[in-house]
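> Kindly return the folded structure for what I paste below:
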Amino acid sequence: MGVPFEALIPYGIMLGMFGFTGAALSKLRHMQNGGKRGRHSLDQWDRQMMDRDRRLTGFLRGQTDQVRAPAGFEYSNGWRVERQIM
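Down below sits the predicted model:
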């Protein structure tokens, strides 16, 4: 005895929705990274360089080939200052 195909329609719909959601989230992550692949296992150095790139270009993953920094960059210090314990 065969299974009526009407019983499989909800599973097809659920599979389609999971596939669409996964593709949409993947595309969103791709767009947030400036069209580049996602980064994994970031250490402090990588985060510091990505923060510098964000301050230089305005994008977290952006890079520039300009020799001189843009105007005002000399005042946008990326170092975090610790609060003193007294």
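> Identify the residue nearest residue 60 in space, chain neighbours excluded?
Sequence neighbours aside, residue 54 is the residue nearest to residue 60 in space, at 4.8 Å (criterion: CB to CB, 6 or more residues apart in numbering). Bear in mind the C-beta positions are built from the backbone N, C-alpha and C, glycine included.
> can I see the domain layout of this structure?
1-32, 39-77 (automatic domain parsing).
> want to throw those into CSV with mean pLDDT?
Below are the domains of the chain laid out as CSV (pLDDT from 0 to 100):
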stretch, mean pLDDT
domain 1-32, 91
domain 39-77, 80
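> Dump these to CSV, plus mean neighbour count.
Compiled in CSV, those are given as follows (neighbours: other CB atoms under 10 Å):
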stretch, mean neighbour count
domain 1-32, 9
domain 39-77, 11
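> State the next helix or strand along the chain beyond the longest helix that the chain contains.
For the chain, the helix with the greatest residue count under DSSP state H is helix 9-32. Once the chain leaves helix 9-32, the next helix or strand it forms, by DSSP states H and E, is helix 44-57.
> Export that next one to CSV, keeping only CA atoms.
Output of helix 44-57 as CSV, limited to C-alpha atoms (Å, rounded to 0.1, in the frame of the first residue of the first chain):
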residue,chain,number,x,y,z
GLN,A,44,43.0,39.7,19.9
TRP,A,45,45.3,40.7,17.1
ASP,A,46,42.7,39.9,14.4
ARG,A,47,40.0,41.9,16.3
GLN,A,48,42.4,44.9,16.7
MET,A,49,43.2,44.9,13.0
MET,A,50,39.6,44.6,12.0
ASP,A,51,38.8,47.5,14.3
ARG,A,52,41.6,49.5,12.7
ASP,A,53,40.2,48.7,9.2
ARG,A,54,36.7,49.8,10.4
ARG,A,55,38.1,53.1,11.6
LEU,A,56,40.0,53.6,8.3
THR,A,57,37.3,52.5,5.8
